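Chemist: Below are the sequence and a predicted model; questions follow.
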Amino acid sequence: MTKLYNDKALDEIKARLEKWEKETLPKSLRRFPERSDDFTTLSGIPVKRLYTPLDVKDTGYMEKQGLPGEYPFTRGIHATMYRGRIWTMRMFSGFGSAEDTNKRLKFLISHGETGLSLAFDYPTLVGIDSDDPLAKGEVGVCGVAVSSLLDMETIFDGIDMGAITTNMTINPPAPVLLAMYVATAEKQGVPYSKIGGTTQNDPLKEFIAQKSYVFPPEPSVKIAMDVVEWSVKNLPKWNPISISGYHIREAGSTAVQELAFTIADGIEYVRHLINRGLDVDSFAPRLSFFFDSHINFFEEIAKFRAARRMWAKIMKEWFNAKKERSLWMRFHTQTAGVSLTAQQPFNNIIRTTIEALAAVLGGTQSLHTNSLDEPFRVPSEFAAKIALRTQQIIAYETGVADTVDPLAGSYYVEWLTDQMEEEAWKYIDRIEMMGGMTEAVKRGYPQREITEASFRFQREVEEKRRFIVGVNIFVEEEEDEIRNVPLLDINQKEIEKRQIERLRMLRMERNNEAVRDALNKLRKAASEGENIMPYVLDAVKKYATLGEIMNTLKEVYGIWVEPPIY
Amino acid sequence: MGGAADILELMKEIRGRRIKVLVAKLGLDGHDRGAKVVARALKDAGMEVIYTGIRQSPEQVVETAIQEDVDIIGVSILSGAHIPLMERLISLLKEKGIDDIPVFLGGTIPIPDIPKLEKIGVDKVFLPGTPLYDIIKYTVEAVKKKRSRRN
């Protein structure tokens, strides 16, 4: 083991620390009593007054930290990190009609955004068409409405799909949206080898947290793995899955739970793909991750560093991956929506800045920064621009991107990285004992853990053991600011009407015989356990709608209803 | 404000049966953190709480409210579809003749929408960051008012 300190040095430090605790510290404590008896991270890990080499004395440098671009990748997956290339600034956006979103994407590209990320409206997220009675009032509100290939073609009108990568936050309907994306790129003449981007396609976290599930857990995982398998074989640049801790965290988990549950989800998917007979090195380099960056600064940085180390170890030691890229945990980060407040909303710019900084110091590959108006609604252009500029200031003004993993070696950060890892392993062990994450989800285990954690946090806020500026400290009774945030105005009724009309026209003009035929083939393939992707792609190209395709799959796989536990 | 003793004091003011609350997730969004935290807080305060689970239609919520004979309905919406959904919910309550049941709403609600929601008939809108105690206090007072009107 490559120890950082020799025993003699450690003895000296220990003796000196004991002396400090007897002499220097009590004097100071008498003059400045501490603000609290127990300081803890958001995960409840106790934070000591002071960290010294004694706290990391057992750490082997090469084993625990190593060098960037080398196992165990704690310091980053690339040797040069941001000295080579700044992270991808990927702003999640989408609202209203396909035309509205097309305009917003072009606006973001013209202001220096380097990757697209599509937000879909709720009907699309749960796989129903804009003209479904359940969609009423929700079409185009929290994202763009996509009911058929026609909508996707409009979103990318005038945007070169061979030159830009796109993230699609879509889960149960992921095969359909991916098929639409591929079909649109094909029409633009972009070859499969140049189609790049990500489908979130992470079903387990839907049951754990995000709750836009459609099918029961087992078929949900099966369908998601169809997407992974098909993409690995056909789209060399596509990230078919983004294993997501973000929603788990936003639903109220701690940082440790976010880390543990995300990795446990990842383990489950890897097992499924290996069971399909795929070689681990054929798909592992295409797996990507997505984390939250919350407000407890150092804990977040430690979480990111621990995540990389844990994943590399799992891929190498559990699954025998041989390729170096298979060991990389590549991840996207979004700042914590849940940390933003409706009170004194301009303060949200500051929160987002601190969280974005943590993501960068944690070595993220891409980043979304939230807009100040998100406690109210989908961002305005004004707010989205400030959020993007926040990243640009961090990248180009602060110098934090000029050296690799600058916080490495901090006694506190290294100690906390070890703690995060240790605590996360305990959860993973428990989930392994249950038989993996699908089983754990069916038993409601992660769901209950999250519900408990979020209630505990709320209690701490109410009892003022945690502070939120403007909410339980420095509160302003009469706020003007809250009323002065310029909000995005969308004409929802008009969008819904146009969208319904568009679908009516589509159903009239397309070849309905061909649609029926394609859906029948899809139903048959699904019943026989085949990979559904080629059949979905065919149906999409015939202009079958999202709802039609999803309903066909529901006939085969059934639907999931969660028991309402609180 | 807001300690267990304060809550006990508030609950003493209630005459008759235990307050029965319906906490509902209306619409398609799955953000259930707030709804669950509020449900739990109301239950811990001593009320009987029915939680619907996610993805409920206005029709389903009204049906449950009738079946369970609740005193008050708390709705959570974070999808932005609060105006059409609340319009539909309140008009159904009126249709069924149970619009004396007060309805409160929480979620990501733009400030300019609050007066519109009040006009529709929403009794109270809570923004993110509202202390749980405020919601408990409101619930007790709203039910008290409703019961005194009935008597």
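Modeler: Thanks, I have it. None of the values given here were measured: they were computed from a predicted structure.

Chemist: For the rest of this, base every contact and every neighbour count on C-alpha atoms.
Modeler: Noted.

Chemist: Run a quick check on B:E118 versus B:P112, I expect a contact.
Modeler: No - using Cα atoms under 8 Å, B:E118 is not in contact with B:P112; the gap is 11.0 Å.

Chemist: who's more crowded, these two?
Modeler: B:E118 (13 against 10; other Cα atoms under 10 Å in any protein chain shown).

Chemist: Let's verify the residue positioned nearest the centre of chain B: helix, strand, or coil?
Modeler: For chain B, the residue sitting closest to the mean C-alpha position, by Cα atoms, centre = their mean, is B:G74 at 1.6 Å. Following DSSP: H, G, I helix; E, B strand; the rest coil, B:G74 is assigned to strand.

Chemist: How about A:A526?
Modeler: A:A526 - assigned by three-state DSSP - is helix.

Chemist: dump the residue contacts of it.
Modeler: For A:A526, the contacting residues are A:I532, A:L553, A:V556, by Cα atoms under 8 Å, 6 or more residues apart in numbering or on different chains.

Chemist: coming back round to it: hmm, the residue nearest to the centre of chain B is touching B:G34, no?
Modeler: No - with contact defined as Cα under 8 Å, B:G74 does not count as touching B:G34 (11.1 Å).

Chemist: what's the burial count for residue 142?
Modeler: You didn't say which chain, so I picked chain A. Neighbourhood size, A:C142 [other Cα under 10 Å]: 24.

Chemist: um, chain B though
Modeler: With other Cα under 10 Å as criterion, B:A142 counts 19.

Chemist: Just list the residues touching the residue of the stretch 251-400 of chain A found nearest chain B, thanks.
Modeler: For the stretch 251-400 of chain A, the residue closest to chain B is A:F376, as judged by Cα to the nearest Cα, at 4.6 Å. The contact partners of A:F376, by Cα under 8 Å, 6+ apart, come to A:A342, B:T108, B:I109, B:P110, B:I111.

Chemist: May I have the secondary structure class of it?
Modeler: coil.

Chemist: Quick check: A:T417 touching A:R309?
Modeler: No - A:T417 lies out of contact with A:R309 (Cα under 8 Å); the separation is 9.6 Å.

Chemist: Let's have the contacts of A:F376 in CSV, adding neighbour count.
Modeler: Listed next are the contacts of A:F376 as CSV, based on neighbours: other Cα atoms under 10 Å in any protein chain shown:
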residue, neighbour count
A:A342, 26
B:T108, 23
B:I109, 26
B:P110, 22
B:I111, 17
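
Chemist: Format those residues as CSV; extra columns: distance to A:M433 and secondary structure.
Modeler: As requested, those are exported to CSV (distance: Cα to Cα, whole Å; DSSP: H, G, I helix; E, B strand; the rest coil):
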residue, distance to A:M433, secondary structure
A:A342, 42, coil
B:T108, 39, coil
B:I109, 42, coil
B:P110, 45, coil
B:I111, 48, coil
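
Chemist: Nearest to A:F474 among the residues you listed?
Modeler: Each of the contacts of A:F376 was scored against A:F474 by Cα to Cα, and A:A342 proved nearest at 14.0 Å.

Chemist: What sits closest to that closest one if chain neighbours are left out?
Modeler: A:P375 (5.4 Å; Cα to Cα, 6 or more residues apart in numbering or on different chains).

Chemist: returning to what we had before: give me the subset of the contacts of A:A526 that lies in helices.
Modeler: Within the contacts of A:A526, residues falling in helices by DSSP state H are A:L553, A:V556.
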